[in-house]
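**Student:** curious how this folds, go ahead:
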Amino acid sequence: MTLSPAQRTAIDSVNAYARTRKAHALAIIEHVLRMSDTARPSFARALDRIKAHARVALHFHPDRLAPRANAATSEIGHAVVGPTVIECMLEDGRYRSQFETRLSSGEISFEHDVDVLVADPCFRGTAIGYVMAELCQRYDIAQYWHCGFMLNPSEVPRNFRGPTMPSLAQRVARDGIVDAKAIGDAAASVIGDPDAWADRGTASHVGQELKWLWHCLLKLGRPSTARLGNSTDNRISPTS
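**Tutor:** Next comes the predicted model:
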């Protein structure tokens, strides 16, 4: 892929940072190899395998609202809001930089750079899920569901990410369950109808609270595949 000037500058910056710390890093590696009784040739072979076969994984929230004024709008609840990140990806065929999407993973082409899309099963059968399936079909990308995460609001503690988390979990839960879609729907609601959340503070504050609830879900959540009937076959097709 062709790198943009900003991407090249970022890589040059990382390289410069790494060079200033190379001696210290090599010393740590030598210590680890010695303490683990790992031979230098074995370590070198492992590095060669990583360089030859490793893949880069990029994380993003498909239902996050993208600040793109020129794209088609979607309706969530009763509030008309901007397009989601996954809708912009389908429209553009690219995974754009954080300056356009507020994501921090750079810009890639779905036609040339992407092999697999792995999604949370809470989006299965939803509008977001259908857009993901269309994206994968259009660009010949394999799509899978991972195990997912789910929490009962009663399982959200007061002593991890703050005492307001249990009440927020109760508010955003869908059918008594907090999952990625429930948090995403709440985030869209905060943007589309901030007055409805004014009892919890400003839109910015509630948005931060939802990030903390996401942390709770990842740390404490249990797999959701059993609930969704997807415990054995995680490969999907655009029509599933």
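**Student:** so in the protein, which helix runs the longest?
**Tutor:** As far as residue count goes, and with DSSP state H defining each element, the longest helix of the chain is helix 203-220.
**Student:** show me what that one is in contact with.
**Tutor:** 149-151, 155-157, 160-162, 164-165, 168-169, 172, 178-180, 183, 186-187, 190-191, 194, 197, 200-201 (C-beta atoms under 8 Å, 6 or more residues apart in numbering). To be clear about C-beta, it is placed using only N, CA and C from the backbone, and glycine gets the same treatment.
**Student:** if we use 7 Å, what do you get?
**Tutor:** 149, 151, 155-156, 160-162, 164-165, 168-169, 178, 183, 186-187, 190-191, 194, 197, 200 (C-beta atoms under 7 Å, 6 or more residues apart in numbering).
**Student:** which of the residues you listed count as buried?
**Tutor:** Among those, those classed as buried by 16 or more other C-beta atoms under 10 Å are 149, 151, 156, 161, 164-165, 168-169, 178, 183, 186-187, 190-191, 197.
**Student:** which of those residues scores worst on pLDDT?
**Tutor:** Among those, I191 carries the lowest pLDDT, at 88.
**Student:** tell me which residue is most central in this protein.
**Tutor:** Centroid-nearest residue in the chain: F60, 2.9 Å away (criterion: C-alpha atoms, centre = their mean).
**Student:** mind checking the SS state of it?
**Tutor:** coil (DSSP: H, G, I helix; E, B strand; the rest coil).
**Student:** do the same with the one 3 residues further on
**Tutor:** What three-state DSSP gives for D63 is coil.
**Student:** same question, V32
**Tutor:** Quick answer, by three-state DSSP: V32 is helix.
**Student:** burial of the closest residue to it other than its chain neighbours, as a residue count?
**Tutor:** Spatially, and ignoring its direct neighbours in sequence, V32 is nearest to T38 (7.6 Å; C-beta to C-beta, 6 or more residues apart in numbering). Residues near T38, counting by other C-beta atoms under 10 Å, number 13.
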